[in-house]
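Undergrad: quick one: sequence plus predicted model below, questions after.
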Amino acid sequence: MSRTFSLEAECLGLQLRAGTELVCRGGNLWLTFEVPGRPSPDVLLAPGERHRLQADAEVFIAALHGAGPALCGIETPPRRARQLRFRWLRGARAS
């Protein structure tokens, strides 16, 4: 699923899954990640650049201060169907 939104003076906090891509579609985006016990890493994106999350994360997204509005795309990976697991019950036979 893909969503695009505009940011100007606000900061948006989102809980995102691993594999999600944040795409700068206009302006400049500033991303920061909440990482318990460590300094929060920052990522700056220019138009056309993207960042893929390697793990589930709480992400804060904002337009780069003083650079005007920014357009951010969020592309989430499709959810995987749960794999069925089979196990033989004692005494069961395959037919």
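TA: Now that the structure is in, tell me what you want to look at.

Undergrad: count the residues that sit near S40.
TA: 11 (other CB atoms under 10 Å). For every residue, glycine as well, the C-beta is placed using N, CA and C.

Undergrad: for the residue lying closest to it once chain neighbours are set aside, give me its contacts.
TA: Nearest in space to S40, with sequence neighbours left out and distances taken as CB to CB, 6 or more residues apart in numbering, is T32 at 4.9 Å. By CB atoms under 8 Å, 6 or more residues apart in numbering, T32 lies in contact with 40-43, 59-60.

Undergrad: what pairs with the helix or strand containing T32, parallel or antiparallel?
TA: Here T32, judged by DSSP states H and E, is contained in strand 29-34. Strand 29-34 has its sheet partners listed here by DSSP bridges as strand 42-45 (antiparallel), strand 57-63 (antiparallel).

Undergrad: save these as JSON lines, and put in mean pLDDT and distance to G13 too.
TA: Putting these into JSON lines (pLDDT from 0 to 100; distance: least, CB to CB, whole Å) gives the following:
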{"stretch": "strand 42-45", "mean pLDDT": "94", "distance to G13": "15"}
{"stretch": "strand 57-63", "mean pLDDT": "92", "distance to G13": "5"}
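
Undergrad: highest mean neighbour count out of the ones you listed?
TA: strand 57-63 (a mean of 19; mean count of other CB atoms under 10 Å).

Undergrad: elements contacting whichever helix or strand comes after that strand?
TA: Downstream of strand 57-63, the first helix or strand assigned by DSSP H and E is strand 70-75. Strand 70-75 sits against strand 2-7, strand 21-26, strand 57-63, with contacts defined as 3 or more CB pairs under 8 Å, 6 or more residues apart in numbering; DSSP states H and E.

Undergrad: D56 contacts F33, correct?
TA: No: D56 is beyond contact range of F33, at 10.7 Å (criterion: CB atoms under 8 Å).

Undergrad: tell me which of the two has more neighbours.
TA: The neighbour comparison of D56 against F33 (other CB under 10 Å) goes to F33, with 17 against 11.
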